[in-house]
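Engineer: Predicted coordinates and the sequence they were generated for:
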Amino acid sequence: MRIASALIGAAALAVSNTAAAAPVTLAPISFSPEFQTDLEEDYGVREGDVLQRAVLQAVERELQSRGATLDGAGALTIEISILDADPNRPTMQQLSDQPGLDAIRSVSIGGAELHAVLRNGDGAVVSEVTHRRYNHSLADLSGAATTWTEARRAIRQFANKVADAYAENAQ
C-alpha cells in the first residue's frame, strides 16, 4: 500500500514538472543607471560582465531544474536587471585607482540587489521578482571572501525566486 502511494506521488510530481515545462526567453541582463555609473567610475566595466555571467548561469541552472526550455522563442520572457552590487574585495579597477588598497587584507561587506520581470507571449507582466541581500557586518561572511562572494550568494537566491515565479506562471 505504501509503495503504491509512493509511486502515485512520484508520478504526480513528474507530471507536474512536465506540465510546468514551458519555453523561456532570457532577455539580455541590464544594469540600473546608478549601477552602470558605479561600474564605469569605480568597479570597472569588466566587473559588469562577471556579474552578468553569474546571473545568467544561476538563472539558467534554476530554470532548467524546473523543466524550462531555454530556446529563445519562449512563451515567457524574463527581463533581469542588476540594480546594485557591492564587492567583498577590491576589484582590479579599484586596486589600480587606489594603490593603498590591499587585494588580500581589504575586505568589506558585500551583496546585491536584483529585479526580474516575467512577461507572457503578449508582453503582459505576469510576475515580478526583487531580491536584495547584503551582509550586515564582516562577521556575516562565511569562508574566504572573493571579490563577489556575497553578490553571488544573492544571485543564487534571486535565481531560485525567479525559477519559482516561472514555475507558477508556466503554461
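Structural biologist: Thanks, I have the structure now.
Engineer: In three-state terms, how would residue 25 be classified?
Structural biologist: strand (DSSP: H, G, I helix; E, B strand; the rest coil).
Engineer: For it, which non-adjacent residue is spatially closest?
Structural biologist: Excluding the flanking residues, the one nearest residue 25 by Cβ to Cβ, 6 or more residues apart in numbering is residue 74, at 3.9 Å. For every residue, glycine as well, the C-beta is placed using N, CA and C.
Engineer: now that neighbour: how far from residue 165?
Structural biologist: Relative to residue 165, residue 74 is positioned 14 Å away (Cβ to Cβ, to the nearest Å).
Engineer: got a list of what residue 157 touches?
Structural biologist: Residue 157 makes contacts with 131, 133, as judged by Cβ atoms under 8 Å, 6 or more residues apart in numbering.
Engineer: what sits against residue 125?
Structural biologist: Contacts of residue 125 (Cβ under 8 Å, 6+ apart): 117, 118, 119.
Engineer: cool, and residue 54?
Structural biologist: Taking Cβ under 8 Å, 6+ apart as the test, what residue 54 contacts is 148, 151, 152, 155.
Engineer: same deal with residue 45?
Structural biologist: residue 39.
Engineer: And the pLDDT at it?
Structural biologist: pLDDT, residue 45: 96.
Engineer: What's the separation between it and residue 163?
Structural biologist: Taking Cβ to Cβ, one finds residue 45 at 29 Å from residue 163.
Engineer: can you check residue 132 too?
Structural biologist: Going from residue 132 to residue 163 by Cβ to Cβ gives 18 Å.
Engineer: With neighbour numbers in mind, choose between these two.
Structural biologist: Neighbour totals were compared for residue 132 and residue 163, and residue 163 leads with 25 against 14 (other Cβ atoms under 10 Å).
Engineer: Would you agree residue 73 is in contact with residue 25?
Structural biologist: Yes: Residue 73 lies in contact with residue 25 (Cβ atoms under 8 Å); the separation is 6.7 Å.
Engineer: More neighbours: which of these two?
Structural biologist: Taking neighbours as other Cβ under 10 Å, residue 73 and residue 25 compare with residue 25 leading, 16 against 10.
Engineer: where do the helices sit along the protein?
Structural biologist: Under the criterion DSSP state H, helices of the chain are mapped to 2-19, 33-38, 45-65, 92-97, 149-169.
Engineer: TSV for those helices, including distance to residue 104?
Structural biologist: What follows is the helices of the chain, written out as TSV (distance: least, Cβ to Cβ, whole Å):
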stretch	distance to residue 104
helix 2-19	45
helix 33-38	23
helix 45-65	19
helix 92-97	11
helix 149-169	14
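Engineer: What ranges in the chain fall below the confidence cut-off?
Structural biologist: Flagging of the chain using pLDDT under 70 yields the residue ranges 1-21, 72, 142-143, 171.
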